[in-house]
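In: Would you be able to build a 3D model of this:
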Amino acid sequence: MNFRVFGHWRAVASSALAAMVIAGALPAEAQRGAASVFTAPVQETEFSMRIEALGTLEARESVDLTLNVADRVTAIYFDDGDRVNKGKTLLSLAQGEQAALVDAAEATANEARQRYERTQQLAKERTVSQSALDEAARDLSAANAQLRAVQSRQKDRVLVAPFDGVLGFRLVSVGSYVRAGDVVAELIDDSEMKLDFSVPSIFLRSVRKGTDVRVETDDLPGMSFDGIVDTVGASIDPVTRSIRVRAILPNPERVLKPGMFMKVTMLAEPRTSLSIPEEAIEPVGPNSFVYVAVDKNGQLIAERRQIQIGLRQSGRVEVISGLTAGDTIVTDGLIRVRDGAPITVQERTVLQTGGGVASPGASNSR
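Out: Okay, here's the model as predicted:
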């Protein structure tokens, strides 16, 4: 074979290939016409900042029930786990001596009141001096004060519920002797629960009173509970750089118990923003770009725009700037798109049950 002839044809082939590349014959689709793409409109979507934390439940109110005096228990009016209303009598101590003191004080107060009334009548008739009336008034006041004092001490011998709630275990029995300060039972108000947890201080501006929270616990699988932030701490922990937050959870069915370990999800700064699918974004370093389908003289072209993005949520991205409501962006086929180049929008075919096939290009090809 003539090597000169072979070299000649090899040079011709190389020149033809180069001409095809320069002319854009590769890929051939660009030579034939517009790039085939799929698009989607810019939509408004609800976004919120998701903050997660851990916390432990506490009862809204909890108190150890005690008495102020020491004596023998004569009656108990509750049992373990009872639900009681505020003011219900729960227990009483021996009343004999104290009841006698109350009777004596009542008699003294009645006598002082009668004496004051007689002296007052005589003063009207001007048969006694004003000083005698003043003395009778002082005696009546002192007798009434003494009566209130002994009645108060009598009330100290009766234990009543300070608020609505559920009682814990009874720790005394009839006939037992209790000292001042001995715990009789625990009373818990579980109509609402307090949940304390900590969040990083970087979320300080996002967490405020009234922010919604949702909590779950492994103790009650499959259940979730809603509440709101009630208090945000006044200071930041200098070691953990976190701030304490307290949420209130309604507990109408009384299924939540103090001490439960809770997983907290807080949705802060809820807002409605423009959004686009994640696959529509073309990242270039720290910047983000999209292609907008724009009609120019009856031909759709791809216009490249830089956008500022925010939160990502459920496959969509918040758009802070760069797009407006009503824009249509390219979502699939980005690898074939160039800025200012013509495009053809394809309709998506929904996959049908029973062997239906989606249209070509419906995959997330970029």
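In: quick one: residue 69 and residue 177 touch, right?
Out: No: the pair residue 69 and residue 177 fails to qualify as a contact (CB atoms under 8 Å) at a distance of 11.5 Å. C-betas here are computed from N, CA, C, even on glycine.
In: Domain-wise, how is this structure divided?
Out: The chain resolves into domains spanning 1-32, 51-60+190-270, 64-184 when parsed by automatic domain parsing.
In: Quote the end-to-end distance of the longest one.
Out: Domain 64-184 stretches 7 Å from its first residue to its last (CA to CA, to the nearest Å).
In: Please apply the same query to stretch 200-212.
Out: Looking at stretch 200-212, the gap from its leading to its trailing residue is 17 Å under the measure CA to CA.
In: hmm, who's touching that stretch?
Out: Outside stretch 200-212, the residues within contact range by CB atoms under 8 Å, 6 or more residues apart in numbering are 49, 51, 199, 226-232, 236, 241-243, 245, 266-270.
In: Give me the buried subset of the residues you listed.
Out: Using 16 or more other CB atoms under 10 Å as the burial test, these include 49, 51, 199, 227, 229, 230, 242, 243, 245, 266, 267, 268 as buried.
In: Take those and lay them out in TSV including distance to residue 311 and secondary structure.
Out: What follows is the buried ones among the contacts of stretch 200-212, written out as TSV (distance: CB to CB, whole Å; DSSP: H, G, I helix; E, B strand; the rest coil):
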residue	distance to residue 311	secondary structure
49	7	strand
51	12	strand
199	17	strand
227	23	strand
229	20	strand
230	26	strand
242	22	strand
243	21	strand
245	21	strand
266	14	strand
267	11	strand
268	11	strand
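In: can you give me the helices for the protein?
Out: Counting by DSSP state H, one finds helices in the chain at the ranges 3-23, 28-32, 96-124, 130-155.
In: May I have the beta-bridge partners of the spatially most central residue of the chain?
Out: What sits nearest the mean C-alpha location of the chain, by CA atoms, centre = their mean, is residue 213, with 1.7 Å. Using DSSP bridges, the bridge partners assigned to residue 213 are residue 227, residue 266.
In: my guess is it meets residue 266, correct?
Out: Yes: checked against CB under 8 Å, the pair residue 213 and residue 266 is within contact range at 4.8 Å.
In: anything in contact with each of the two?
Out: residue 229.
In: Which residue, other than its chain neighbours, is closest to residue 338?
Out: Nearest-residue entry for residue 338: residue 302, 6.9 Å, with adjacent residues in sequence omitted and distances by CB to CB, 6 or more residues apart in numbering.
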